[in-house]
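> predicted model and sequence below, questions to follow.
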Amino acid sequence: MRVTRGRPPRTGPTELESVVEAWKTIHDVTVFLVERIPPELWTAPVPGFRSGRKTVRSIAVHLHNSRVGWIRTLGSEHAIATPARVVEKTVTPRQLAAALNRSSQGMVRLFELGAANGGSIPPSKRYVWRNLPLDVGHVLAYFSAHEGHHRGQIVMLARQLGKPLPREAIEGLWAFTTRVRARRPRPRG
């Protein structure tokens, strides 16, 4: 690294900042998709499930409610507020996007808790599954995979049901740089 006299060397983001930014991008992509699910697809039943009980909406709701469960399990003993679950049968995409924003804040608090504890979220009494290492890297990887899996389900179901999502929605799922730029304040000029 080259050091310029009189100026400290340029440093990148801290590990916590990097994890939080990556999480926010994952979250933003999920909200982007939820906001672009057409009404006729939102309530479409998933083929293969009896009596239409599983819908595209229920998959999208699962993303938020899963976050809520993890925040409650890992964070409640550490004063991290647990957001409310959403009601699967009545929530609209707009309401779910707002709820996802609240659960994203709880996820950030979990990452901050992990960073404050040497890089790992302390195990809690409620964490009985014990199949997920609680270092922030593994927690981020788990949620990235979980959300990506369910976003992919929604995209695939849209095609299978003959209601493919618009090209802009599909391409937007991979526009990570666009999501990062949208969050960063623009320099005043």
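Yep, that arrived. Residues are numbered from 1 along each chain as shown.
> chain center to stretch 152-162, what's the gap?
20 Å (CA atoms, centre = their mean, to the nearest Å).
> buried set for it?
Within stretch 152-162, the residues scored as buried using 16 or more other CB atoms under 10 Å are 154, 155, 157, 158. C-betas here are computed from N, CA, C, even on glycine.
> the first one looks like it's in a helix, true?
Yes: in this structure, residue 154 lies within a helix as judged by DSSP: H, G, I helix; E, B strand; the rest coil.
> wait, what's in contact with it?
If a contact means CB atoms under 8 Å, 6 or more residues apart in numbering, then residue 154 has 33, 37, 56, 59, 60 as its contacts.
> over to the third one?
Shown in contact with residue 157 (CB under 8 Å, 6+ apart): 41, 44, 46, 56, 59.
> which one among those gets closest to residue 25?
The nearest member of those to residue 25, counting by CB to CB, is residue 59 at 20.6 Å.
> packing partners of the helix or strand that closest one falls within?
Assigned by DSSP states H and E, residue 59 belongs to helix 56-75. Contacts defined by 3 or more CB pairs under 8 Å, 6 or more residues apart in numbering; DSSP states H and E place helix 56-75 against helix 15-34, helix 39-42, helix 93-116, helix 136-160.
> and those: which comes nearest residue 185?
helix 15-34 (13.7 Å).
> shaky segments in this structure?
Scanning the chain for pLDDT under 70 picks out 1-10, 51-52, 188-189.
> again, only using 90
1-13, 46-53, 129-130, 183-189 (pLDDT under 90).
> what sits closest to the residue sitting nearest the centre point of it if chain neighbours are left out?
Among the residues of the chain, the one closest to the centroid is residue 27, at 3.4 Å (CA atoms, centre = their mean). Of all residues beyond its chain neighbours, the one nearest residue 27 is residue 104 (4.2 Å), with distances taken as CB to CB, 6 or more residues apart in numbering.
> mind listing what the one you found touches?
23, 24, 27, 67.
> neighbours of the second one, how many?
Summarising burial for residue 24: neighbours were counted as other CB atoms under 10 Å, giving 16.
> pretty sure it contacts residue 183?
Yes: with contacts counted by CB atoms under 8 Å, residue 24 reaches residue 183, the gap being 6.3 Å.
> related to what we said a few turns ago, widest-spaced pair of the buried residues of stretch 152-162?
Going by CB to CB, the pair spanning these furthest: 155 and 157, at 7.4 Å.
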